[in-house]
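Trainee: Output the structure for:
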Amino acid sequence: MLIRIYPDNPNTREVRRVADALKAGEVVVLPTDTLYAFVCSMEFKRSVEAIAQLKGFKLKQAKYSLLCASLSQASEYLRPVDGDTFRLLRSCLPGPYTFIMQANSNVNRNYQNANKTIGVRVPDNAVLRAVVEEVGSPLVGTSVRLVGDDREVEYLTDPELIHEQFGHLVAMVVDGGIGSAEPSTVVDLSTNEPELIRQGKGPIEL
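Mentor: Numbering: from 1, shown residues only. Below you'll find the predicted structure:
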C-alpha cells in the first residue's frame, strides 16, 4: 500500500493511519531527511526481526537506530550526558545525524549493540516526526539500503520504486517525496571523546 503524506503539512488522518499500523506491529517504510527507512514499533520483537530479514541480517547483526520526534524524547532512552555532549546534540538535532549513545534500561537489549549502545536520530522530516508523536514512543529503524545493493539510486529515493520493490513485504510505504541518496553522518558519543564514524549529509566539527 502506498500512502502519500505531504511533509509541509502532514495530514492528521493519514498520520494516524500509519501510526495505527505501527502500533499493531506492522513494518512500514517512512521518509527521513536522508534515506527512506524500514521502521517498526519498539514494542514488537517480531517486527524488528522482520526488518532484519528484509535487510538480510540476523537480529543481532542489524544496526538499528531509535527514530525520535525530539531530543527530549530521545533523552528518555539514554544515559545522562555531560554539558558538551548535550550542546552538540542540541546544535545538530533535528538533522541528518546518527549519534551512537549509551542506552539505558528503557531500550530493549535486542536493539542495542554488544556494548549497550544504540544509534539515535531526530530526523528533520515532518512526516516521520508526526508519526512518532502519534505512536507516542520512538520507532526502531534502519535504511532501505541493502548490503551489496547495486541498483540505481532511484530505488533508494523514489517512494514509488521503493513500493514496487518492497510493497508486498511491508504494510505500507509512505510517500513523502523524493528522498536523499546520502546517508546520515554518524558520530560515536558513547565514550569520552566524540568520534566521527561516517561523514554523511550532516556537516560536523568535533
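
Trainee: For the lowest-mean-pLDDT helix or strand in the chain, could you pull out the residues that count as buried?
Mentor: Sorting the helices and strands of the chain by mean pLDDT, DSSP states H and E puts helix 154-157 at the bottom, at a mean of 83. By neighbour count on 16 or more other Cβ atoms under 10 Å, the buried set for helix 154-157 is 155-157. The way it works is simple: take the backbone N, C-alpha and C, and place the C-beta from them, glycine included.

Trainee: Now residue 2. Nearest residue, chain neighbours left out?
Mentor: Nearest residue to residue 2 in three dimensions, chain neighbours excluded: residue 163, at 4.6 Å (Cβ to Cβ, 6 or more residues apart in numbering).

Trainee: Show me what the helix or strand hosting that neighbour is in contact with.
Mentor: Take DSSP states H and E as the rule and residue 163 turns out to sit in helix 159-166. By Cβ atoms under 8 Å, 6 or more residues apart in numbering, the residues outside helix 159-166 that reach it are 2, 29, 31, 36, 38, 54, 144, 154-156, 173-179.

Trainee: Give me the buried positions along it.
Mentor: Under the neighbour-count criterion of 16+ other Cβ under 10 Å, helix 159-166 has 159, 162-163, 165-166 buried.

Trainee: Redo those as TSV? Include distance to residue 116.
Mentor: Below are the buried residues of helix 159-166 laid out as TSV (distance: Cβ to Cβ, whole Å):
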residue	distance to residue 116
159	34
162	32
163	36
165	34
166	31
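
Trainee: Keep only those of the contacts of helix 159-166 that are in strands.
Mentor: Applying DSSP state E to these, the entries found in strands are 2, 29, 38, 173-175.

Trainee: Count the residues that sit near the residue lying closest to residue 104 once chain neighbours are set aside.
Mentor: Leaving aside its chain neighbours, residue 104 sits nearest to residue 79 (5.2 Å; criterion: Cβ to Cβ, 6+ apart). Using other Cβ atoms under 10 Å, residue 79 has 13 neighbouring residues.

Trainee: Can we start the residue count at 855 from this point?
Mentor: Sure thing, new numbering starts at 855, so read that last one as residue 933.

Trainee: State the distance from residue 933 to residue 970.
Mentor: According to Cβ to Cβ, to the nearest Å, residue 933 and residue 970 sit 9 Å apart.

Trainee: what's the answer for residue 939, then?
Mentor: 17 Å.

Trainee: just to revisit the earlier point, please produce TSV containing the buried residues of helix 1008-1011, extended by distance to residue 951.
Mentor: Shown next, in TSV, are the buried residues of helix 1008-1011 (distance: Cβ to Cβ, whole Å):
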residue	distance to residue 951
1009	24
1010	19
1011	19
